[in-house]
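1. sequence and predicted model, in that order:
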Amino acid sequence: MKKWLNPALLIFTFLLSALGHFANWNFTLQFILSSIAVIFVAGFLGKATESVAHYAGQRLGGFLNATFGNAAELIIAILLIKEGLYDMVKASITGSIIGNLLLVLGLSLFAGGLKFKIQKYNVTLAGLNGSLMTLAIIALFIPAVFLNTHSITEGETKTLSLIVAGILIVAYIAWLGFSMITHKNYLADVSDDHDQDALPHEHGPTWTKKRSILYLVVATVMVAFVSEWLVGVLEPISHEYGLSELFIGAFLVAIIGNAAEHSAAIMLAMKNKIGAAVEIAVGSSLQIALFVAPVLVFISFFLGDTMDLVFTTLELVAIGVAVFIARSITQDGASNWYEGLLLLAVYVILGVSFFLV
């Protein structure tokens, strides 16, 4: 993987995507080139973040890794909000949550389980992660129920969404303090002391501190550009191939935006670092549900038209199903390949169902 994440190849894919955009090539070709560019830039961004994390300290580094890991998706969502494509934003949030809990976690457990019969991780952390995901479902469920039962108006729904978004952000910040400061050792991995707080790298950083920061800034800027080019062709692609916004947002955008995290989690699981792999998959879902989605609500508010947190019944069912089976499988603190297969089976079922919408 590291051989492919070099600056020269990154610049080549970026320029090729730029050429397709500004030369106004065929929409399908633009979509393919932009998708490839997003994957490469997101992967390079993840590598730069990992290198910066080495110098920033492990706990702060872990937070940076999660935050910049979702940078591509956050930027894509902001651009979709500016275009007024709120349904696609909500679909991409749904897709990111179920994609991390079912696809990323499923592939990690499956790949790791094929190599190691049983893999163990912190059962307390798994339980707390499950409780936080349950909080996210409650927060998404209540606005939809109150609006659909005509208990509140659309204007009041937006007010409720802003309040709920604020509460979720506070809960997420409190969780960071709990997991990184007050109960840091309590939530440490079950592996040996040397690996307890390890980030996803086994050797020292590839780059110096200054170069790591430079690459991090450059990659973030590049993500903003390629994300904008990708968003620009989503609507034409949906019309040309008859795909619903729900399917594009929940599956295509989510998979492309999180490609780097997918590969990192799977590789860690195959190195018997299942605790770190689970943290990437579940932790990313938590950040999307408790921080990214609420932040998008406030961003839409400041842009003049508040996006509510009213998700469709299909989206709520998909998130609920993903949380239910992921929590059921991870609550014992041990994993095997068959549990990974079960998660993948649910993901395929949801994928086919969304495609047919």
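-> Yep, that arrived.

2. can you give me the strands for the stretch 201-350 of the chain?
-> Along the stretch 201-350 of the chain, the segments classed as strands by DSSP state E, counting those that start in this stretch run 334-335.

3. where does pLDDT dip in it?
-> 201-205, 257-262, 264 (pLDDT under 70).

4. biggest helix in the chain, by residue count?
-> Identified as the longest helix of the chain according to DSSP state H is helix 27-56.

5. now for that one, which elements pack on it?
-> helix 7-22, helix 58-69, helix 71-82, helix 209-232, helix 234-241, helix 254-257, helix 259-270 (3 or more C-beta pairs under 8 Å, 6 or more residues apart in numbering; DSSP states H and E). Just so you know, the C-beta spots here come from the backbone N, C-alpha and C atoms, and that holds for glycine as well.

6. quick one, phi psi at the closest residue to residue 139 other than its chain neighbours?
-> Once flanking residues are discounted, residue 139 sits nearest to residue 164: 5.1 Å by C-beta to C-beta, 6 or more residues apart in numbering. Dihedral pair for residue 164: phi -60, psi -40, per degrees, to the nearest 10.

7. what packs against the helix or strand where residue 172 lies?
-> Assigned by DSSP states H and E, residue 172 falls within helix 154-177. Contact here means 3+ C-beta pairs under 8 Å, 6+ apart; on that basis helix 154-177 packs against helix 123-148, helix 274-287, helix 293-302.

8. pull out the buried positions in it.
-> Within helix 154-177, the residues scored as buried using 16 or more other C-beta atoms under 10 Å are 157, 158, 160, 161, 162, 164, 165, 168, 169, 171, 172, 175.

9. got these as JSON lines, with distance to residue 297 and pLDDT columns?
-> Listed next are those as JSON lines, based on distance: C-beta to C-beta, whole Å; pLDDT from 0 to 100:
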{"residue": "157", "distance to residue 297": "11", "pLDDT": "90"}
{"residue": "158", "distance to residue 297": "9", "pLDDT": "91"}
{"residue": "160", "distance to residue 297": "11", "pLDDT": "93"}
{"residue": "161", "distance to residue 297": "6", "pLDDT": "92"}
{"residue": "162", "distance to residue 297": "6", "pLDDT": "93"}
{"residue": "164", "distance to residue 297": "8", "pLDDT": "94"}
{"residue": "165", "distance to residue 297": "4", "pLDDT": "93"}
{"residue": "168", "distance to residue 297": "9", "pLDDT": "94"}
{"residue": "169", "distance to residue 297": "10", "pLDDT": "94"}
{"residue": "171", "distance to residue 297": "14", "pLDDT": "93"}
{"residue": "172", "distance to residue 297": "13", "pLDDT": "91"}
{"residue": "175", "distance to residue 297": "19", "pLDDT": "89"}
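
10. which residue comes closest to residue 187 once chain neighbours are left out?
-> residue 125 (4.7 Å).

11. roughly how far is the longest helix of the chain from the heart of the chain?
-> 13 Å (C-alpha atoms, centre = their mean, to the nearest Å).

12. ok, residue 236 - how many residues close by?
-> When counting by other C-beta atoms under 10 Å, one arrives at 14 neighbours for residue 236.

13. turn the buried residues of helix 154-177 into TSV, columns for distance to residue 85.
-> Shown next, in TSV, are the buried residues of helix 154-177 (distance: C-beta to C-beta, whole Å):
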residue	distance to residue 85
157	19
158	17
160	22
161	17
162	20
164	22
165	19
168	22
169	23
171	27
172	25
175	30
